[in-house]
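J.: What follows is a predicted structure for the sequence shown.
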Amino acid sequence: HRLEGGYDVAVAPDAQNALQQKATRVFPVVDTDVHLPGLSGQDFLSEIRARYPDTLAVVITGHASTETAVEALKRGAYDFIQKPFRITRMEATLDRALELARTRSQLAEYHHRLEELVLTRTREIQALYDEVLELNGLLRSAQGEPEVARRLQPFIAFLRRRFGSDEE
């Protein structure tokens, strides 16, 4: 369903159905009531946190108490809204949650790209290090050679392997 504010939503009659839907679709934010048929809203929060740690949960309840709010936050709720509420409050909360979800996703993408870049650079540095070791070995072996041409032969062979032959 698409709501007026541009939100794509799915409705579930209970927590089990919501978890089944969540298993097949990406929902960056879930809204839940504390009181649900079957699995409680608090247990639903725990399941969401355990299975989908990047999903943000907004808890809505008409039976709010400090203990209920604290328990919801301990179980991973992003925010807690008490009924009755103004739709603008819900929209503001959803907008903040969706923005945080987008930011987290972008951060994860940047982190992944940075890891790839570091890995690529590490391989390049390792290859250069290996070349330095090879050149060092060539230098050591050439030190005892009295003939200049014979001293240079291993270096020329190295340069041809490394940069390609100029004899084509």
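T.: That came through, no problem.

J.: Kindly give the local confidence score, pLDDT, for Gln20.
T.: Per-residue confidence (pLDDT) for Gln20: 92.

J.: same thing with Glu4?
T.: In this model, Glu4 is scored at 64, pLDDT.

J.: Beyond the lowest-mean-pLDDT helix or strand in the chain, next helix or strand please.
T.: Across the helices and strands of the chain, the lowest-confidence element by mean pLDDT, DSSP states H and E is helix 66-74, at a mean of 86. If you walk from helix 66-74 toward the C-terminus, the next helix or strand you reach (DSSP states H and E) is strand 77-82.

J.: So what touches that following strand?
T.: Outside strand 77-82, the residues that touch it by C-beta atoms under 8 Å, 6 or more residues apart in numbering are 29, 45, 56-62, 64, 69, 72-73, 89-90, 93, 96-97, 100. All C-beta atoms are positioned from the backbone trio N, CA, C, and that covers glycine.

J.: Check stretch 97-114 too.
T.: 28-29, 54-56, 58, 78-79.

J.: Appreciated, that's everything.
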